[in-house]
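A.B. asks: curious how this folds, go ahead:
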Amino acid sequence: MSPRTPRLTRLQVKHLLHRPATLGPASVLRLAKRAPRKHDEHDMQVSYFEWLDSEYPDIALDAFAVPNGVRTGRGQAAKLKREGLRAGVLDICIDRACGGFFGMRLEMKTSTGVLSPAQKVRMKRALEQGYYAVVARSLSQAQELTLNYAKMAPTQVAARV
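C.D. replies: Residues are numbered from 1 along each chain as shown. From the prediction side, this is the model:
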């Protein structure tokens, strides 16, 4: 029984074609093992903020993204962790109190994306703490959830500082 031949992506094949002919089998296997990174959730989130900034600037003033999924080196990751970066924090925060909630927390996922265990814990805690915490599986769903939330009556604030 022969070992399974690795399948290469178009990008990996293109990369191989532009490399010297001295490329050995170990290099080919290393390239084949690297899965191309998908940016579907990233693209959806970029489109969401472009839409929010252009169509609803008032809501956009209260919204921000949490860059938890960013890829960094080991040293930078350790630095961010010391600064308070935490696993599972949801993608988008809207600090606007509506409908009896203290704010909105939105996690962007593709139709096949799944919440990590840490994200499930964060989602549950956010709901328990009075936040409107939801998962959007498409740009249109994120837009609809945001507008439905923003249309709710403002939450009455008990005390102001």
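
A.B. asks: from here on, just use CA atoms for contacts and neighbour counts.
C.D. replies: Fine.

A.B. asks: so for the nearest residue to residue 67 once chain neighbours are set aside, what's the pLDDT?
C.D. replies: Nearest residue to residue 67 in three dimensions, chain neighbours excluded: residue 91, at 7.2 Å (Cα to Cα, 6 or more residues apart in numbering). On the pLDDT scale, residue 91 is placed at 96.

A.B. asks: check contacts around the residue sitting nearest the centre point of the chain.
C.D. replies: Nearest to the mean C-alpha position of the chain, by Cα atoms, centre = their mean, lies residue 91 at 4.9 Å. With contacts defined as Cα atoms under 8 Å, 6 or more residues apart in numbering, the neighbours of residue 91 are 65, 66, 67, 68, 105, 106, 107, 108.

A.B. asks: so which of those sit within strands?
C.D. replies: Among the contacts of residue 91, the members found in strands (DSSP state E) are 65, 105, 106, 107, 108.

A.B. asks: wait, doesn't the first one sit right on residue 92?
C.D. replies: It refers to residue 65. Yes. Using Cα atoms under 8 Å, residue 65 makes contact with residue 92 at a distance of 4.5 Å.

A.B. asks: neighbour-wise, which of those two wins?
C.D. replies: residue 92 (19 against 15; other Cα atoms under 10 Å).

A.B. asks: which phi and psi values does the more buried one adopt?
C.D. replies: Main-chain torsions, residue 92, degrees, to the nearest 10: phi -130, psi 140.

A.B. asks: contacting residues for it?
C.D. replies: Counting by Cα under 8 Å, 6+ apart, residue 92 has contacts 63, 64, 65, 66, 105, 106, 107.

A.B. asks: whichever of those end up buried, select them in PyMOL.
C.D. replies: Remark: buried members of those, expressed as a PyMOL selection using 16 or more other Cα atoms under 10 Å:
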select buried, resi 63+105+106+107
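
A.B. asks: lowest pLDDT pick from the contacts of residue 92?
C.D. replies: residue 66 (91).
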